[in-house]
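>>> what shape does this take:
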Amino acid sequence: MEPGSVGNLRVIYRSRDFLVVNKHWDVRIDSKAWWETLTLQQQLRHRFPELADPDTYYGFRFCHQLDFSTSGALCVALNKAAAGSAYRSFKDRRVTKAYLALAVRTQNQASRSWWSWNTGCTQVIPSPKYCC
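Below you'll find the model as predicted:
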């Protein structure tokens with residue numbers, strides 16, 4: 001995936017209540033700091049200005065967080081009722097999150113047995129190496 005920019009926000013899912021977007025790596029979700037050059041909040045405001053809610057601090061109701069360096073699906077509630085429903089689902093642990101880590105290494109950096117033992121990986125595929 002190319003680096004994030006204001007104009008390259010990919011929508012994964014959209015309904016009346018939720019918008020799910022693919023957050024780029026090294027992009028903050030929100031910020032009021034003037035020095036932040038790019039945030040998901042800015043991308044959303046650029047692509048969907050009509051969805052921004054002035055009653056919220058950042059303009060959008062983010063249902064959960066992803067770390068700055070993490071890319072992936074991020075859910076945005078489009079109304080107060082949907083935000084409450086999402087909050088209860090996360091609070092009651094009815095939501096399952098899955099993380100896939102892609103690691104790149106060469107054979108001379110570590111032995112295959114070390115790689116399998118430390119990652120629980122049962123199959124090593126030639127570079128880039130993925131845990132299967």
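>>> stretch 7-24: which residues count as buried?
For stretch 7-24, a neighbour-count test (16 or more other Cβ atoms under 10 Å) marks 9, 18-21, 23-24 as buried. For glycine as for every other residue, the C-beta is placed from the backbone atoms N, C-alpha and C.
>>> actually stretch 43-51, sorry about that
Neighbour counts over stretch 43-51 (16+ other Cβ under 10 Å) mark 43-45, 47-48, 51 as buried.
>>> now it: mean pLDDT?
For stretch 43-51, mean pLDDT is 95.
>>> export that stretch to CSV, keeping only CA atoms.
Extracted in CSV, the C-alpha atoms of stretch 43-51 (Å, rounded to 0.1, in the frame of the first residue of the first chain):
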residue,chain,number,x,y,z
GLN,A,43,-9.0,12.2,5.1
LEU,A,44,-12.6,11.7,6.2
ARG,A,45,-13.4,15.4,6.2
HIS,A,46,-11.9,15.7,2.7
ARG,A,47,-13.8,12.8,1.3
PHE,A,48,-17.0,13.0,3.2
PRO,A,49,-17.5,16.6,4.4
GLU,A,50,-21.3,15.9,4.7
LEU,A,51,-20.6,13.2,7.4
